[in-house]
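Peer 1: Build me a model:
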Amino acid sequence: MKKKACKKCKIFVDGNTCPVCKSNQFSLNWQGRLHILDANKSAIAGKIGITVKGEYAIKVR
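Peer 2: Residues are numbered from 1 along each chain as shown. Coordinates of the predicted model:
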C-alpha cells in the first residue's frame, strides 16, 4: 500500500491529521523520499524549510 503525504508540508502521515501542520489534506500521488534525521543540522532541511525530523516526499501532487 502506498503511503499518503501531506499536501502542505509533504511529510508522510499514518493518521487522519498531519502532526506538523495539523492539515487533513493528503495525497497518494507523490514522488521521491527524503529522510531528515536532525532538522537543525541538516543543510537540505534548512533550504526547504523543514523544522521537524521525519520522512518527507520530494514532490506531492
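Peer 1: Show me how far the lowest-mean-pLDDT helix or strand in the chain is from its chain's centre.
Peer 2: For the chain, using mean pLDDT, DSSP states H and E, the weakest element among its helices and strands is helix 43-48, scoring a mean of 92. Relative to the centre of its chain, helix 43-48 is centred 13 Å away, using CA atoms, centre = their mean, to the nearest Å.
Peer 1: what sits up against it?
Peer 2: 34, 36, 39, 50-51 (CB atoms under 8 Å, 6 or more residues apart in numbering). Placement of C-beta: from N, CA and C, glycine included.
Peer 1: Tell me the buried residues in the helix or strand that it is followed by?
Peer 2: The helix or strand immediately downstream of helix 43-48 is strand 54-60, counting by DSSP states H and E. Buried residues in strand 54-60, counting neighbours by 16 or more other CB atoms under 10 Å, are found at 54, 56-57, 60.
Peer 1: Is the residue most central in space within the chain bridged to anything, and to what?
Peer 2: Closest to where the C-alpha atoms of the chain average out (CA atoms, centre = their mean) is residue 11, at 1.6 Å. Counting by DSSP bridges, residue 11 is bridged to residue 56.
Peer 1: got the contact list for it?
Peer 2: Counted by CB under 8 Å, 6+ apart, residue 11 has contacts 5, 18-20, 52, 54-57.
Peer 1: cool, and residue 53?
Peer 2: If you count contacts by CB under 8 Å, 6+ apart, then residue 53 has 36-39 around it.
Peer 1: which one of these has the most neighbours?
Peer 2: Highest neighbour count within those: residue 36, with 18 neighbours (other CB atoms under 10 Å).
Peer 1: hey, what's it bridged with?
Peer 2: On the basis of DSSP bridges, residue 36 is bridged to residue 54.
Peer 1: Thanks a lot, see you next time.
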